[in-house]
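>>> Pasting a predicted model and its sequence here:
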Amino acid sequence: MGGLSLFWFLLIGLVAGWLAGRLMKGRGFGLLVNLIVGVIGAFLGGWLFGLLGISTSGILGSLVTALVGAIVLLWILGLIKRK
């Protein structure tokens, strides 16, 4: 992964984490954690989409993939936090 690709990956992950924190009312953990969740969610979303045979392309497709992964991760973290 080149430097510019890494930059875009991190930027998309950060935006996805912020959006996921906004969409998952009551599930957010603060801006910093949501941003970290977005980056991790980008990996999770790519893995989940791969399992389902879904492929995306471009910046918008990457953002949707990362957003789905971040929402799933926030949901899982919310379940753990509740216990």
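Happy to help now that I have it.

>>> Sketch out the helices for the protein, chain order is fine.
Using DSSP state H, the helices assigned to the chain run over residues 3-23, 31-52, 58-82.

>>> Any chance of TSV for the ones you listed, columns mean neighbour count?
Quick note: C-beta positions are derived from backbone N, CA and C, even for glycine. Output for the helices of the chain, formatted as TSV (neighbours: other CB atoms under 10 Å):
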stretch	mean neighbour count
helix 3-23	17
helix 31-52	18
helix 58-82	17
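
>>> Put together JSON lines for these, with mean pLDDT on each row.
Output for the helices of the chain, formatted as JSON lines (pLDDT from 0 to 100):
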{"stretch": "helix 3-23", "mean pLDDT": "85"}
{"stretch": "helix 31-52", "mean pLDDT": "88"}
{"stretch": "helix 58-82", "mean pLDDT": "88"}
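
>>> Figure out how far stretch 63-81 is from the centre of its chain.
Counting by CA atoms, centre = their mean, to the nearest Å, stretch 63-81 is centred 6 Å from the centre of its parent chain.

>>> Show residues contacting it.
12-13, 15-17, 19-21, 23-24, 26-29, 34, 37-38, 40-49, 56 (CB atoms under 8 Å, 6 or more residues apart in numbering).
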